[in-house]
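In: model this:
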Amino acid sequence: MKQTRVIAVANQKGGVGKTTTVVNLAAALARMRKTVLVIDLDPQANATSGLGLRPTPGTSLYSALTGQAFIGDIIQGTPLENVNIIPSELDLSGAELEIARQENHLLVVRELLKPVLTADVFDYILIDCPPSLGILMTSSLAAANGVVVAMQCEYYAMEGLKVITDVVQRLHDNGVNPDIHVEGILMTMYDGRTNLSEDVVREVRKHFGKLVYKTVIPRNIRISEAPSFGQPVVVYDPSSKGAQAYVALAREFAARAARS
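Out: Below is the predicted model:
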């Protein structure tokens, strides 16, 4: 029997490599023979298309939120062995209002996931959170064991990092999710040709220490190209620097998660 760990990949800012991290971490973990369920909670549905599926009305978590479907019935396979997904769609943009109408709205996603967790089918559930601090994101964090914060190597991103870590701390301290913690901070879009990237990484490591993954995700053209082919970069070009970085991250992530 598996003990499923729920990991939210989050940042209230868009364009930081959050979805790319979800897709590639899932694919790299699957190659390590881990079973993964991706939950795409971003209405843009980039994780859905990045795993080779087309967004289709009625297939997202929204249908489960509104009682139109059982969560087990909306889990779909992907072209990747050991990777399944609950896709996103445009209707998911209405989920904020739907959750807000319900009592204990912070616990809605947690309650929906209970049958999946009870089934013990997956090693990991990776939630691709929407890029905002709305109800859907906070409800996702309330359902998670840990949070991976994806952060690009820019100074302005450091302000956003404090915001998300403060939210995680409040959910913990208020008793909404006493088990939640920051699983790790992932530095993305690293450009080794500039001092800026190195300075930002150094500053984040100074403040957050071992929470920062040793693996750094570089700026890489193959990472940018892969989504247009509906593939993670670890499948699209396994020999690229971007793919190798995500494979290294998966090993580090799994080792850290095993100790948590």
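In: what are the C-alpha coordinates of whichever strand or helix holds A254, in PDB please?
Out: Element membership for A254, per DSSP states H and E: helix 241-259. The C-alpha coordinates for helix 241-259 follow below in PDB (Å, rounded to 0.1, in the frame of the first residue of the first chain):
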ATOM      1  CA  LYS A 241      20.300  20.600 -19.700                       C
ATOM      2  CA  GLY A 242      16.700  21.400 -18.800                       C
ATOM      3  CA  ALA A 243      15.700  17.800 -18.800                       C
ATOM      4  CA  GLN A 244      18.800  16.800 -16.800                       C
ATOM      5  CA  ALA A 245      18.000  19.400 -14.200                       C
ATOM      6  CA  TYR A 246      14.400  18.200 -13.700                       C
ATOM      7  CA  VAL A 247      15.700  14.600 -13.400                       C
ATOM      8  CA  ALA A 248      18.100  15.800 -10.700                       C
ATOM      9  CA  LEU A 249      15.200  17.600  -9.000                       C
ATOM     10  CA  ALA A 250      13.100  14.500  -9.000                       C
ATOM     11  CA  ARG A 251      15.800  12.600  -7.200                       C
ATOM     12  CA  GLU A 252      16.300  15.300  -4.600                       C
ATOM     13  CA  PHE A 253      12.600  15.800  -4.200                       C
ATOM     14  CA  ALA A 254      11.900  12.100  -3.600                       C
ATOM     15  CA  ALA A 255      14.800  11.800  -1.100                       C
ATOM     16  CA  ARG A 256      13.500  14.900   0.800                       C
ATOM     17  CA  ALA A 257       9.900  13.700   0.700                       C
ATOM     18  CA  ALA A 258      10.900  10.300   2.100                       C
ATOM     19  CA  ARG A 259      12.400  12.000   5.200                       C
END
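In: what's the spacing between that helix and its chain's center?
Out: Its chain's C-alpha centre and that of helix 241-259 lie 14 Å apart, by C-alpha atoms, centre = their mean, to the nearest Å.
In: For that helix, name the packing helices and strands.
Out: When contacts are defined as 3 or more C-beta pairs under 8 Å, 6 or more residues apart in numbering; DSSP states H and E, helix 241-259 sits against helix 18-31, strand 181-190, strand 212-218, helix 221-225, helix 233-236. For the C-beta atoms, the positions are set from N, CA and C on the backbone; glycine is no exception.
In: Swap in 10 Å and give it another go.
Out: Contacts defined by 3 or more C-beta pairs under 10 Å, 6 or more residues apart in numbering; DSSP states H and E place helix 241-259 against strand 5-10, helix 18-31, strand 124-128, strand 146-152, strand 181-190, strand 212-218, helix 221-225, helix 233-236.
In: any chance of those in CSV, with mean pLDDT too?
Out: Shown next, in CSV, are the helices and strands packed on helix 241-259 (pLDDT from 0 to 100):
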stretch, mean pLDDT
strand 5-10, 96
helix 18-31, 97
strand 124-128, 97
strand 146-152, 95
strand 181-190, 95
strand 212-218, 97
helix 221-225, 96
helix 233-236, 97
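In: what comes into contact with stretch 58-73?
Out: 39-41, 43, 45, 48, 53, 57, 74-76, 85-95, 98-99, 101-102, 108-109, 111-116, 119, 121, 127, 136, 139-140 (C-beta atoms under 10 Å, 6 or more residues apart in numbering).
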